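> Okay, predicted coordinates and the sequence, questions at the end:
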Amino acid sequence: MAFTRRNALIALLAPLSRFTYAQALKPNFVFILMDNLGYGEVGVYGGGITRGAPTPRIDRLASEGMRLTNFNVEAQCTPSRSALITGRFSIRSGTHSVPIGAGLDGLTRWEVTIAVDTFTTFAKIAGAQIPQNRAIDGVDQMDFFLGNSDKSNRDGFPVFVVDRLEAVKWRNWKVVFYDEQRDWWTPPVKLGTPKAFDLITDPKEEYPQTGLRETWIAGPAVRIVTEFEQSLKQYPPIAPGTPDPYTPPKSGR
């Protein structure tokens, strides 16, 4: 075959086109984290104009994608950000509360950052490796997010407020170990008997279920707590204010 200008151009562009195609297979993500935003603030979840602040653009964005109706948020902003970028519950990273005053704070350089379930999901889409030398709490939700599965790969998790295990969430149920706090200054009061709330019929957690009817929830809740506590023994949490360089204890892998 004669080597013409056209053939030369094709030869030059072929590697570029393969590179462009490979790049196109990896989507770009824009992750927006809203601070101090309640579930019912935006219109798509019943707020918006009824709350005195219409949210038409957010509502339109939600109408074009997936709306999550069962999720959990941290009690403060620092642990939220920590969990999102590490894929680990903030109690593991020493970032379970907002730093107040001078001193060391924040993540150690040992942490690998992306995002809890978004960490593992985005990593799989991007072809990145999940760290194997630490506890990763996130699960791969790609099939669920893309509509290939009707069920989430997560059915429960421990709920921390600062450094205490406040509750356990399992499916649409929440088992609470402490009485609810309305401010930052009242000492937490541990309940003699945990309360159980059905978050579908009682999303504001106002009417605890009677123990005689809902004792079956204890089984899944205890399992979640036990598995998490065992993981803390294998991978001890990083203490707040730990300086760099950080080296995990030998008990971790």
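Thanks, I have it. Numbers count the residues shown, from 1 in each chain.

> which residue packs closest to Arg164, ignoring adjacent ones?
Pro188 (6.5 Å; CB to CB, 6 or more residues apart in numbering). Where you see a C-beta, it was placed from the backbone N, CA and C, and this is true even at glycine.

> how close does that neighbour get to Phe160?
12 Å (CB to CB, to the nearest Å).

> now swap in Arg134 and tell me
For Arg134, the distance to Phe160 - CB to CB - is 18 Å.

> ditto for Ala221
Distance, Ala221 to Phe160, by CB to CB: 14 Å.

> do Asp140 as well
23 Å.

> Kindly report the same for Gly46.
For Gly46, the distance to Phe160 - CB to CB - is 27 Å.

> Next, Ala196: secondary structure please.
strand (DSSP: H, G, I helix; E, B strand; the rest coil).

> Tell me, how many residues neighbour it?
24 (other CB atoms under 10 Å).

> Gly46 and Phe160: who's more crowded?
Phe160 (20 against 11).

> next one: phi and psi at that one?
phi -100, psi 140 (degrees, to the nearest 10).

> How about Ser231?
Per degrees, to the nearest 10, the backbone of Ser231 is at phi -70, psi -30.

> So what's the residue count around it?
Ser231 has 15 nearby residues by other CB under 10 Å.

> where exactly do the helices run in this structure?
Secondary structure of the chain, counting by DSSP state H: helices at 5-24, 56-63, 77-86, 90-93, 117-126, 142-145, 211-214, 218-234.

> where's the second one relative to the chain centroid, distance-wise?
Relative to its chain's centre, helix 56-63 lies at 22 Å (CA atoms, centre = their mean, to the nearest Å).

> Just the CA atoms of that helix, as PDB, please.
Taking Å, rounded to 0.1, in the frame of the first residue of the first chain, the C-alpha atoms of helix 56-63 are listed here in PDB:
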ATOM      1  CA  PRO A  56     -36.200  24.600  41.100                       C
ATOM      2  CA  ARG A  57     -32.700  23.800  39.800                       C
ATOM      3  CA  ILE A  58     -32.000  21.200  42.400                       C
ATOM      4  CA  ASP A  59     -35.400  19.700  41.800                       C
ATOM      5  CA  ARG A  60     -34.800  19.500  38.100                       C
ATOM      6  CA  LEU A  61     -31.400  17.800  38.700                       C
ATOM      7  CA  ALA A  62     -33.100  15.300  41.000                       C
ATOM      8  CA  SER A  63     -35.800  14.600  38.400                       C
END
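
> what's that helix in contact with?
Identification of contacts with helix 56-63 by CB atoms under 8 Å, 6 or more residues apart in numbering yields Val42, Gly43, Val44, Gly48.

> Please apply the same query to the third one.
When contacts are taken as CB under 8 Å, 6+ apart, the neighbours of helix 77-86 outside the stretch itself are 31, 33, 35-36, 73-74, 88-91, 93, 95-99, 107, 111-116, 118-119, 137, 160.

> With the fourth one instead?
Contacts of helix 90-93 with the rest of the structure, by CB under 8 Å, 6+ apart, involve 74, 78-80, 82-83, 86, 96, 107-108, 111, 134-135, 137, 160, 163, 232, 235, 237-238.

> before we move on, what about the fifth one?
Residues lying outside helix 117-126 but in contact with it, judged by CB under 8 Å, 6+ apart, are 26-27, 29, 31, 84-87, 114-115, 128-130, 136, 138-142, 145, 154.
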